[in-house]
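Colleague: sequence and computational prediction follow.
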Amino acid sequence: MSDTTALRVPPAGRSLWQDARVRLLRNRAAVASLIVLALMTLACIIGPLLTGHAYDRVYQDYVRVPASLSAYPKAEALPAAVQRIASRIRATPSEIVVEADRIRLGLISPRLIDPRLLVYFDRSDLFGPARVIANALDGRRLGLEVPIKRQYFLFGTDSNGRDLLTRTLIAGRVSLAIGLLATGVALVIGVVYGATAGYLGGRIDMVMMRIVDVLYSLPFIFFVILLVVFFGRNFILMFLAVGAIEWLDMARIVRGQALSIRRQDYVLAAEALGVSTGGILKRHVIPNTLGPVVVYVTLLVPKVILLESFLSFLGLGIQEPMTSWGVLISDGARAIQATPWMLVFPASFLVATLFALNFLGDGLRDALDPRDR
Amino acid sequence: MLTYILRRLAAAIPTLFVIVTISFFLMRVAPGGPFDLEQALEAKVMENLRRIYKLDQPLFQQYLTYLAALLRGDFGPSFYFRDFSIGELFAQGLPVSIRLGASALLLALAIGGPLGMLAAFRQNRAADHAVIGFATAGITIPNFVVAPVLQIVFGLTLAWLPVGGWNGGAFRNTLLPIVTLALPQIAVIARMTRAAMIETLRANHIRTLRAQGLSTMTIALHAARGAALPVVSYLGPAAASLLTGSVVVETIFGIPGIGRYFVEGALNRDYTLVMGTVVVVAIFVLAFNLLVDILYALLDPRVRLD
């Protein structure tokens, strides 16, 4: 009796995708990569709003300051800064007392001190507006109280005095967006082209793949430079175009898949039922090629991000004040000796992302490989 | 075999022709010209220059002129590097790039192959994870990060090797560029060898060898032949791009190869230089694809070349 009741409810089958998900979640490296990618994306989207700096805000008084967990300005830098501002006001500072969040000082000048000149304190990145608390010798001697502006530069600043943390996160937005955008374009063109060539086969397939071969032997960078020339330096258009070039591998992979799929019984059945070619491609061929395509996509995103950084290294990529990881890294690489943090932080963000994407790709490949069950 | 090679060579000619045609017209569609300077030249000077370089003729006429010259093996004069013909530039630069690229490729094969095999035999153990980690790092860290780091460490801190320069091709000067070029290739080759090797080790003929109790070394050698196939097909395009020079490495280390000509040529609208580079790169790609197919047939008896 118990046997028949068990049979009445058929065992729930697991689809390829459900099975793949279970196996992917069992792969620790892939799960860690997913978490890293999610955190990275979140940081790049929300982070720039939380750092308290605009990505293009120049702090002239904080050029190339090293990364530090404590706030700037450092106590030892204050007297020199006060001296500099006082000399612009043409006065001599005296009795500088540094307190927790403000300094007190006296200013002495042989002539009358114009209170309007005190705005130099406010203009500096170190101090807030100065307040006169004592006035002696008919305005030739002022007692001042100046609040100190505390700022954090967790990753230091770049050679223009911009906060590197904010710039790294903004750069991440650009790099990730480019990676996804170009990959998306490559995905659409490659899958449609490859599936069509593979499914139709014969002479059409031969011609279509010959075209791919010819495009393959054209030096890729040639296209990119021409695109830069055509589109100016508009990166969205440019990376649509990069995607339009990177589809070649995708087309080959999908074609190979489609060649074997078109001999499957379900495709023959669909043909016998008179389903249109477009319908068969959409319903049967393309969904069944997606396994290898998903794997290739996770490997294509890092490739495109690297490509963008290569272009930026050549000066053909993103233009200032916008930035990308590639731009930051090539700036950092040029100044590696004096300011190593300018290379270390963007490079570790980039490498962490690429690492995660690669491990995720490997995990997906293992998860989708039917032989590994 | 010989007829196959001849047929492939014959098939390469139309491909080359298409590539030359596409690049020629694409290059010309781009705005700007080779003689556009910050300050515009005098109209008369410009006119004379354009006449000397035959830029005043109709585009199609220029195309025919270029094609005819190309058939004679003449790449024409450079527009940007005055007083040099493209042939002369390549004669100087190509041997440099080929030497660096070939050394890097051999180094990558010598290190990447064994690393991949080691990882395959120790699958899912510490050695395997170490190789995969190293390989992923090699692929993900861009060479324009690797190069300055190598320069700082070996050139300045340790002062063992020169920071850059070619110095007539002295061995010391070539070391850092070769390592920079080889690192990503080592990584890719190690990964591919590992994947192919794992696949091959499951095959029946390898199980037979194991059953016969042969040593690991013998098994590895037998499996290597099967595992070499995907690596060989990767090596074709990789060799073509390595031997024709790398912009980044040549710029950072100050090496007089041909890698940088492409970018310089395109940015300065040096039409003949770009075209020459396109043709040279295309010839390398086609030649190495042919070589790969022949190697494939030698390695895999199931592949027939007719």
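Modeller: Structure's in. What do you need? Numbers count the residues shown, from 1 in each chain, chains lettered A, B, ... in the order given.

Colleague: can I assume A:N135 sits in a strand?
Modeller: Yes: judged by DSSP: H, G, I helix; E, B strand; the rest coil, A:N135 forms part of a strand.

Colleague: show me what contacts it?
Modeller: Residues near A:N135 by C-beta atoms under 8 Å, 6 or more residues apart in numbering or on different chains: A:141-143. In this view, the C-beta of every residue, glycine as well, is placed from N, C-alpha and C.

Colleague: return the subset of those lying in strands.
Modeller: A:141-143 (DSSP state E).

Colleague: list the buried ones in the helix or strand harbouring B:M192?
Modeller: Assigned by DSSP states H and E, B:M192 belongs to helix B:171-201. By 16 or more other C-beta atoms under 10 Å in any protein chain shown, the buried positions in helix B:171-201 come out as B:173-201.

Colleague: please apply the same query to stretch A:29-39.
Modeller: Under the neighbour-count criterion of 16+ other C-beta under 10 Å, stretch A:29-39 has A:29-30, A:33-34, A:36-37 buried.

Colleague: so which of the ones in strands among the contacts of A:N135 wins on neighbours?
Modeller: Neighbour tally across the ones in strands among the contacts of A:N135 (other C-beta atoms under 10 Å in any protein chain shown): the maximum, 22 neighbours, falls on A:L142.

Colleague: OK, contacts around that one?
Modeller: A:L142 makes contacts with A:91, A:106-107, A:113, A:115, A:132, A:134-136, as judged by C-beta under 8 Å, 6+ apart.

Colleague: which of those are buried?
Modeller: A:91, A:106-107, A:113.

Colleague: rebuild those as TSV, extending it with secondary structure, pLDDT and distance to B:N268.
Modeller: Output for these, formatted as TSV (DSSP: H, G, I helix; E, B strand; the rest coil; pLDDT from 0 to 100; distance: C-beta to C-beta, whole Å):
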residue	secondary structure	pLDDT	distance to B:N268
A:A91	coil	77	55
A:G106	strand	79	61
A:L107	strand	78	57
A:I113	coil	76	57
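
Colleague: and the two most separated of these?
Modeller: Within the buried ones among the contacts of A:L142, A:G106 and A:I113 form the most distant pair, 10.8 Å apart (C-beta to C-beta).

Colleague: which helix in chain B runs the most residues?
Modeller: Counting by DSSP state H, the longest helix found in chain B is helix B:86-121.

Colleague: quick one: that one near chain A?
Modeller: No: Helix B:86-121 lies out of reach of chain A by C-beta under 8 Å from any C-beta of the partner chain, never closer than 12.6 Å.

Colleague: ok, which residues in the stretch 1-150 of chain B are in contact with chain A?
Modeller: Within the stretch 1-150 of chain B, the positions near chain A by C-beta under 8 Å from any C-beta are B:15, B:18-19, B:22-23, B:26-27, B:30-32, B:132, B:136-137, B:139-142, B:144-145, B:147-149.

Colleague: from the ones in strands among the contacts of A:N135, pick the one nearest A:V275.
Modeller: A:L142 (88.9 Å).

Colleague: what pairs with that closest one across the strands?
Modeller: Under the criterion DSSP bridges, A:L142 forms beta bridges with A:L107, A:N135.

Colleague: counting neighbours, what do you get for the residue nearest to A:S159 when sequence neighbours are not counted?
Modeller: Nearest-residue entry for A:S159: A:R64, 5.6 Å, with adjacent residues in sequence omitted and distances by C-beta to C-beta, 6 or more residues apart in numbering or on different chains. A total of 16 residues lie near A:R64 under the criterion other C-beta under 10 Å.

Colleague: I'd guessed A:E95 sits against A:L105; true?
Modeller: Yes: A:E95 is within contact range of A:L105, at 6.2 Å (criterion: C-beta atoms under 8 Å).

Colleague: one step back: now the contacts of A:N135 as TSV including pLDDT?
Modeller: Formatted as TSV, those follow (pLDDT from 0 to 100):
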residue	pLDDT
A:R141	78
A:L142	78
A:G143	80
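
Colleague: in JSON lines, list these along with distance to B:V248.
Modeller: Supplementary listing: those in JSON lines, determined by distance: C-beta to C-beta, whole Å:
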{"residue": "A:R141", "distance to B:V248": "61"}
{"residue": "A:L142", "distance to B:V248": "57"}
{"residue": "A:G143", "distance to B:V248": "59"}
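
Colleague: which one of the residues you listed is nearest to A:Y193?
Modeller: Among these, A:L142 lies closest to A:Y193 (C-beta to C-beta), at 75.7 Å.

Colleague: and that closest one, how far is that from A:L117?
Modeller: Look at A:L142 and A:L117: by C-beta to C-beta, to the nearest Å, they are 10 Å apart.

Colleague: which parts of the stretch 251-373 of chain A are helices?
Modeller: Taking DSSP state H, counting those that start in this stretch, the helices of the stretch 251-373 of chain A run over residues A:265-272, A:277-280, A:286-313, A:325-334, A:341-368.
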